[in-house]
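Return a 3D structure for these sequence lines:
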Amino acid sequence: MSDTTTASPSGASVAFAQWLPRIEAVVIPLAALLGGLLVFSVFLLVLGKSPVDFYGLIYKAGFSTPFSWQNTLSRVSPLLFAALCVALPARLGLVVIGGEGAIVLGGLAAAVLGTMLIGAPSTLGLLVMAIGAAGIGALWIGAVGWMRFKRGVNETIASLLMAYIAIALMNHFVEGPFRDPASLNKPSTAPLPDSLRVGDMPIGIEVHWGFAVGVLACVLAWVLIDRTTIGFAARIAGDNVRAAQVQGLPVGKLIIGFTALGGAFAGLAGFFEASAIHGAANGSLVAGYGYTGILVAFLARHNPLAIIPVAILLAGFEASSGLIQRRMDLPDATILVMEGIVFVVLLFSETLYGKIAVFDPKFWGGRA
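Residues are numbered from 1 along each chain as shown. The predicted structure is shown next:
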C-alpha cells in the first residue's frame, strides 16, 4: 500500500484566496471605467475631435490646480449623498434611482424652513433646516420601500416616477405659494439670510461643509453596513429574502428603514445645495446629481468608502464641462454622453463577476 499525502493550502494562499473577491470588485469596475472611456474616445474620433485633448482638458479643469480642485470638490457633496441613496437600498437587492426627487424636495424644504426661521440662532436654524430636508427625503424614498414591501411595486420604476413628481411639486411651490415676488426672471423662494447659509471649510479653497459631512456620512454608512448586526441582517436579506424571513429577520423594517435612510441622505444634499450654493430654492436644484449618483454608486460597487474617491473623480468630470465646451466646441452635455457610455459598459461588466478564471482560487491552486 502506498502512502498518499494531500497537500493542504498554506496560510498565505488561503489569505490570498480570501482577497480575490475584493480584488475582483476593484478590477472589474476600473476596467469598465477605462473601457467606457475608450468607447467614448471612438465617439470623439468620429466627431473629428482629439481624445487626448479632451481628457487633457478634464485633468486641467478638474485636478491640475487649487482652483480646479475647488471646482471639483464643490460638486462632490451632492454626489456623495445621492450615491448613498442608491447604495444603501442596494444592499437589500433594491435598485432605487429616484434620489433626484429627494434632493429637490430636500432643498425646497430647507429653503422654506429658512424663510420661517429668520432671526433664529444660526446653529438652531441650520439644524432645523437640515432635519427638515432629511425628513422629507426619508419620507419620499421611504415610501418607495413601503410600496415595494407592502404592495410589491417595482422600486426602480416607482422611485423614478416619484422623482418626476417631486420636480413638478417643487416647480409648483416655487412658482406659486412660496415664490419671492422679487424673483422676476427666475422664480425662487425668498433668499436665505447670511446667518442660515452654510459656510466654507478652513482648508484654503472655497469648499463648503457639505463635503466634510458627506465624507462622514459615507464612513458612518460603511460602519452600519459592515460592522453592525443591522447591516449583517440587511446583507442576508439582500442575498436571499426568503431565507432572511425564515430566520425571523424583520425584512419589511429593513427595506423601509434603508430606503428611508438613503432618502434622508439625498435630502441632506438638497439642504446643502439650497443653503451653501444657491441661497434659495429654484430650478437650479434640478442639476442631475441624483442621476450621476447612480453611476457613482455602481462604480463603487455600493461600498460607501469607495463612493468617496469615485464621487471626486466624477465631480472632476463635471467640473470640466464648461472648459470643454469653450475649447473644443462641443456641447455642454458631452460629459453626460461620456458618463452614459461608461454606465452602459459598467452594466455589461456585471455579467463578468465569477466568470474570469484569474479571480477563481482554483486558478492559483487553492480551494474553491
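
Need the nearest residue in space to S275, chain neighbours excluded.
Using CB to CB, 6 or more residues apart in numbering and skipping the chain neighbours, the partner closest in space to S275 is V198 (4.6 Å). (Each C-beta comes from the backbone N, C-alpha and C, glycine too.)

tell me the domain ranges of this protein?
Taking automatic domain parsing as the reference, the chain has its domains at 18-49+332-360, 71-329.

May I see those domains arranged in a markdown table, with distance to S64 as well?
Output for the domains of the chain, formatted as a markdown table (distance: least, CB to CB, whole Å):
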| stretch | distance to S64 |
| --- | --- |
| domain 18-49+332-360 | 17 |
| domain 71-329 | 10 |
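
comparing those domains, which gets the lowest mean pLDDT score?
Among the domains of the chain, domain 18-49+332-360 carries the lowest mean pLDDT, a mean of 91.

Ends of that one, what's the gap?
Length of domain 18-49+332-360, first residue to last, CA to CA, to the nearest Å: 10 Å.

Look through this protein and tell me its longest helix.
helix 11-47 (DSSP state H).

residues of it that come out buried?
Applying a neighbour-count criterion of 16 or more other CB atoms under 10 Å, one finds 17, 20, 24-25, 28-29, 32-33, 35-37, 40-41, 44 buried in helix 11-47.

This structure: strands as residue ranges?
According to DSSP state E, the chain carries no segments that qualify as strands.

Just list the residues touching the residue nearest to the spatial centre of it, thanks.
Centre of the chain computed as the mean C-alpha position; nearest residue by CA atoms, centre = their mean is A83, 1.4 Å away. With contacts taken as CB atoms under 8 Å, 6 or more residues apart in numbering, A83 has the following neighbours: 293-294, 296-297, 300, 307, 310-311.

Name the member of those with the most neighbours.
Each of these was scored for neighbours by other CB atoms under 10 Å, and A311 scores highest at 33 neighbours.

what about the closest residue in space to that residue that isn't next to it in sequence, how many residues close to it?
Spatial nearest neighbour of A311, excluding adjacent residues (CB to CB, 6+ apart): L79 at 4.1 Å. Each residue near L79 was counted by other CB under 10 Å, and the total is 27.

For L79, give its distance to L88.
Computed with CB to CB, to the nearest Å, the distance linking L79 and L88 is 15 Å.

cool, L216 as well?
When L216 is compared with L88 (using CB to CB), they lie 15 Å apart.

The two: which is more packed in?
Ranked by neighbour count (other CB under 10 Å), L216 and L88 place L88 first, with 29 against 11.

Report whether the expected contact of that one with A260 is present.
No - no contact is recorded between L88 and A260 when judged using CB atoms under 8 Å, the distance being 9.4 Å.

if we can go back for a sec, just name whatever secondary elements the longest helix of the chain is in contact with.
helix 51-62, helix 289-299, helix 334-349 (3 or more CB pairs under 8 Å, 6 or more residues apart in numbering; DSSP states H and E).

and among these, the most buried is which?
helix 289-299 (a mean of 26; mean count of other CB atoms under 10 Å).

how far off helix 334-349 does that one point, in degrees?
Between helix 289-299 and helix 334-349, the angle formed by their directions is 40 degrees, by axes from the mean of the first three to the mean of the last three CA atoms, to 10 degrees.

Of the domains of the chain, which is nearest L57?
Distances from L57 to each of the domains of the chain were compared by CB to CB, and the smallest falls on domain 71-329, at 5.2 Å.

Can you give me the first-to-last residue distance of the closest one?
The straight-line separation of the ends of domain 71-329 (CA to CA) is 21 Å.
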